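A.B. asks: sequence plus predicted model, see below.
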Number of protein chains: 4
Amino acid sequence: MPDHPQTQKEQPRRRQARGERRIAQLLEAAARVFCTTGYTAASTNAIAREAGVSPGTLYQFFPNKEAIAIELGDRLVHEMRDTYGEALAPVDPATPLEEAIGAAIDRFMAFNTEHPVFFALMHGPDIPGRMAETHDQLHTTLIGRIEDLLGSLMPGAAPADVTRTAHICLGVYKAGLELVLAHEGAERAAYVQEIKNVLVRYLHPLVGDRLGRG
Amino acid sequence: MPDHPQTQKEQPRRRQARGERRIAQLLEAAARVFCTTGYTAASTNAIAREAGVSPGTLYQFFPNKEAIAIELGDRLVHEMRDTYGEALAPVDPATPLEEAIGAAIDRFMAFNTEHPVFFALMHGPDIPGRMAETHDQLHTTLIGRIEDLLGSLMPGAAPADVTRTAHICLGVYKAGLELVLAHEGAERAAYVQEIKNVLVRYLHPLVGDRLGRG
Amino acid sequence: MPDHPQTQKEQPRRRQARGERRIAQLLEAAARVFCTTGYTAASTNAIAREAGVSPGTLYQFFPNKEAIAIELGDRLVHEMRDTYGEALAPVDPATPLEEAIGAAIDRFMAFNTEHPVFFALMHGPDIPGRMAETHDQLHTTLIGRIEDLLGSLMPGAAPADVTRTAHICLGVYKAGLELVLAHEGAERAAYVQEIKNVLVRYLHPLVGDRLGRG
Amino acid sequence: MPDHPQTQKEQPRRRQARGERRIAQLLEAAARVFCTTGYTAASTNAIAREAGVSPGTLYQFFPNKEAIAIELGDRLVHEMRDTYGEALAPVDPATPLEEAIGAAIDRFMAFNTEHPVFFALMHGPDIPGRMAETHDQLHTTLIGRIEDLLGSLMPGAAPADVTRTAHICLGVYKAGLELVLAHEGAERAAYVQEIKNVLVRYLHPLVGDRLGRG
DNA sequence: GATGAATGAGGATTCATTCAT
DNA sequence: TATGAATGAATCCTCATTCAT
């Protein structure tokens, strides 16, 4: 289990409490700024200002903007894990697909609504294939978790197929999330439902007979 | 009759042939730069450089970066229309859904593969709901065309539902496009197929009985 | 009597009628732009646009921005002369000073109110002593005319004193004009009156006994 | 107690000594550039260059050119106050008007000769009525001080009249300053004397009997 | 650790002027 | 003549990052 800041080697093993507080403070500020302006347009100076510290202080803890986003993503993933358990969703084979996916989406959506930064961090690359490290890391993690989930749903499938399906699912989810966040109230709920529909119907034929509803 | 308008109103400028050529040249350069660096990171200076002209020349034809993107999107949409006709896809009620969607996706994908800028221009907003005008315009156009298509497929549906469905479809398509463009060869083909699967299965229950398979 | 465009030598002696019209058109446009944005901020492109011609056309008639202003000033001075006669004001020795100055100011003010460009062109230099050619020319002309007027009022005075007094008078007038143009209605009238007061009281002791009121 | 304000509110930045020095340095450079090229033509890059720092440094301390001018004007006003006391001139009712004004002008002139930037900052607007904030601020301050002075000289006058008179006086002074700075030696002195004459004679009838000469 | 100063290349945009057509 | 295209240096300003204190 590699420790969070992958980018800079040889960081003093245990950070001081004050340092941890600073880091948290900076990450919260970064989250706010990312949400407000988007990742690309966010400036490190703005983050420092938002955190109430000087730019120099920021760079004492993070080597660059990317690292902030990575750490932020990391922590979000951890929090998600802490909240929802190791697997994205428990996959009791008896659970109907609809229910399983519905629950998973609900959890994800709840999490994303509570942590709107997530969207900014997941936001796809400007150029297909070339992802910023930030997104890459978060992306890889998410794909892994979805693969885990799908693996248990598609027991016989080839790994490549599972991976591809995972990518599709994540893509659909991200696209849906954008739509959900862009709406409110009943319309938002309707979009959530549509995402579920898309995924359920897409996965239906892929997951063997277990999804038998009745 | 050379009118001499005293006010600063923008009159339909008479352009010279050279100007038209320059515009085409600039748009091509912009397309290349947008593809290389993404829309946000693209700089007007870089576009001018790529086009082999001075920054001033660029601004003789476009008031800013946004305008370039809008014009580029406009031209692409027109070209798409010229190539594939007014409706996104001909909707002969006899055509099975699978075939109709398959054809539509194939066309779209062909177009997008041939014009990779499209991806850069369609790329969603960094902040949900807040779209740059560029994307907004292109987005609106695309949504409209999908609504047209869906309208004929879902005759009884409420307009709001059609709109929502259109957004979902476009979202899925964009997500899929990103994946398609990120891969090559067989894997790319596999992704294309998956997109089709997603959409067909999603729309299946929505389009009445006409989608009768056999 | 050197013809107007001093800057470029060897212009075809007689300009075509079309050319004259163009020049008038350009000068009117320039006047409008100078009034709107001030001389410094006015761009030749803006003037051309306002005149409804291309930049190239503008440069066919004027070698640069300065020349436009100079010609404009020249024409204004000529018009002023045409309207009010060679001397700034007729100096009937019998006329009381108050009346003479009052009349002169009224004329000037009327002219300046009718031709607001005048202010823009008269506007002092940004750096004391270093005047743009434009203003220099206009300034010199005006000073000359005021000297003429003062000469008849201060018969025994040394030329240097007359010149100095002329500068003071013009300075006061310009300052006053700014205030007058910045106000309207009764307040404007009050400012006009104050300018008269300033000048009358200033000149009173200088102009011998003739100004005896009665 | 280093407060860490999360919002982007501008808190009173704690400046370091170095920063204060830089600010002084920049203001001096700005003064030099304003004197050389005038306010409008002065560029922030030129100021930074003159100060021997990079453009970025300038913007660390001032958000734009205007702010530099405002701060510069502010400091000058303060220095003036420190040097000459709160009232523009002490108005002992026993002092003859001539003396009072003579002293005031001498002080002002001395100050302006020593700080030639003042002229650049006071320089009127290119378009009557529309003043840059810089000048507006400085102007308002000066008008206020002149009003104070005049108020004691014209006890019975209506406020509007005092204000108008103050504007006239300032206008005359500015016009005179331009002339004074444009000349040297005896001629300069002569111009100073003329300004005094203008103002004394203008104010004479306005200030009751106190101005009794003998 | 923390601060704020410093950097300087690079961003979008403008403009007086020239030139080919 | 007239046009509009072309120029390119100059404008203001930003930002990730480093450094002295």
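C.D. replies: Nice, I can see it. Numbers count the residues shown, from 1 in each chain, chains lettered A, B, ... in the order given.

A.B. asks: please count neighbours and contacts with C-alpha atoms only from this point.
C.D. replies: OK.

A.B. asks: so how many other residues sit close to the closest residue to A:L206 other than its chain neighbours?
C.D. replies: Leaving out its chain neighbours, the residue that sits closest to A:L206 by CA to CA, 6 or more residues apart in numbering or on different chains is A:M154, at 6.6 Å. Here the count is done by other CA atoms under 10 Å in any protein chain shown, and A:M154 has 19 residues near it.

A.B. asks: any low-confidence regions in chain A?
C.D. replies: A:1-15, A:86-93, A:209-214 (pLDDT under 70).

A.B. asks: tell me where it has helices.
C.D. replies: If DSSP state H is used as the criterion, the helices of chain A fall at A:17-37, A:44-51, A:55-61, A:65-84, A:97-114, A:117-122, A:133-153, A:159-181, A:185-203.

A.B. asks: tell me the residues of chain A that contact chain D?
C.D. replies: Within chain A, the positions adjacent to chain D are A:A29, A:R49, A:E50, A:A51, A:G52, A:V53 by CA under 8 Å from any CA of the partner chain.

A.B. asks: thinking again about what came up before, can you add mean neighbour count and give the helices of chain A back as a markdown table?
C.D. replies: Compiled in a markdown table, the helices of chain A are given as follows (neighbours: other CA atoms under 10 Å in any protein chain shown):
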| stretch | mean neighbour count |
| --- | --- |
| helix A:17-37 | 18 |
| helix A:44-51 | 22 |
| helix A:55-61 | 15 |
| helix A:65-84 | 18 |
| helix A:97-114 | 17 |
| helix A:117-122 | 22 |
| helix A:133-153 | 19 |
| helix A:159-181 | 21 |
| helix A:185-203 | 19 |
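
A.B. asks: export those as CSV, with columns for distance to C:T141.
C.D. replies: Output for the helices of chain A, formatted as CSV (distance: least, CA to CA, whole Å):
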stretch, distance to C:T141
helix A:17-37, 58
helix A:44-51, 56
helix A:55-61, 59
helix A:65-84, 64
helix A:97-114, 74
helix A:117-122, 67
helix A:133-153, 70
helix A:159-181, 70
helix A:185-203, 74
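
A.B. asks: and C:G176, which of those is closest to it?
C.D. replies: Among these, helix A:44-51 comes nearest to C:G176, with 48.2 Å by CA to CA.

A.B. asks: look through chain A and state the residue closest to DNA strand E.
C.D. replies: Scanning chain A for proximity to DNA strand E using CA to the nearest atom of the strand identifies A:G56 as nearest, at 3.0 Å.

A.B. asks: and the gap between that residue and D:E20?
C.D. replies: Here the distance between A:G56 and D:E20 works out to 19 Å (CA to CA, to the nearest Å).

A.B. asks: A:L27 too?
C.D. replies: The gap separating A:L27 from D:E20 is 32 Å, by CA to CA.

A.B. asks: single out the residue in chain A that lies closest to DNA strand F.
C.D. replies: Here the residue of chain A nearest DNA strand F is A:S43; by CA to the nearest atom of the strand that distance is 3.0 Å.

A.B. asks: distance check, that residue against chain D.
C.D. replies: With distances defined as CA to the nearest CA, to the nearest Å, the gap from A:S43 to chain D amounts to 13 Å.

A.B. asks: list the contacts of that residue.
C.D. replies: Contacts here follow CA atoms under 8 Å, 6 or more residues apart in numbering or on different chains; on that basis A:S43 touches A:K65.

A.B. asks: near DNA strand E, from the residues of chain A next to chain D?
C.D. replies: Near DNA strand E, taking CA under 7 Å from any atom of the strand as the test, the members of the residues of chain A next to chain D found are A:V53.

A.B. asks: between the residues of chain A next to chain D, which is closest to B:F119?
C.D. replies: Compare each of the residues of chain A next to chain D with B:F119 using CA to CA and the shortest gap goes to A:A29, at 31.4 Å.

A.B. asks: re earlier: check contacts around the residue nearest to A:L206.
C.D. replies: Applying CA under 8 Å, 6+ apart, one finds that A:M154 lies in contact with A:V162, A:L206, A:V207, A:G208.

A.B. asks: one more time with 7 Å, if that's ok
C.D. replies: If you count contacts by CA atoms under 7 Å, 6 or more residues apart in numbering or on different chains, A:M154 has them with A:L206, A:V207, A:G208.

A.B. asks: is there a neighbour count for the second one? I'd like the number.
C.D. replies: It stands for A:V207. Taking other CA under 10 Å as the neighbour definition, A:V207 ends up with a count of 19.

A.B. asks: next one: phi and psi at it?
C.D. replies: Phi and psi for A:V207, reported as degrees, to the nearest 10, are phi -110, psi 40.

A.B. asks: identify the residue spatially nearest to it, adjacent ones excluded.
C.D. replies: Using CA to CA, 6+ apart and skipping the chain neighbours, the partner closest in space to A:V207 is A:M154 (5.1 Å).

A.B. asks: tell me the phi and psi of that neighbour?
C.D. replies: Torsion angles at A:M154 (phi, psi; degrees, to the nearest 10) stand at phi -120, psi 70.

A.B. asks: how close does the nearest residue to A:K65 once chain neighbours are set aside sit to C:P96?
C.D. replies: Beyond its immediate neighbours in the sequence, the residue positioned closest to A:K65 (CA to CA, 6+ apart) is A:T44, lying 6.2 Å away. Between A:T44 and C:P96 the distance is 74 Å, computed by CA to CA.

A.B. asks: and A:E66, by the same measure?
C.D. replies: For A:E66, the distance to C:P96 (CA to CA) stands at 83 Å.

A.B. asks: how about A:S152?
C.D. replies: If you measure A:S152 against C:P96 using CA to CA, the figure is 110 Å.

A.B. asks: for the helices of chain A, which one sits closest to C:M131?
C.D. replies: When the helices of chain A are ranked by distance to C:M131, counting by CA to CA, first place goes to helix A:44-51 at 44.2 Å.

A.B. asks: centre of the chain to that closest one, how far?
C.D. replies: Shown here is helix A:44-51, whose average C-alpha point lies 23 Å from the average C-alpha point of the whole chain (CA atoms, centre = their mean, to the nearest Å).

A.B. asks: which elements pack onto it?
C.D. replies: If you count contacts as 3 or more CA pairs under 7 Å, 6 or more residues apart in numbering or on different chains; DSSP states H and E, helix A:44-51 packs onto helix A:17-37, helix A:55-61.
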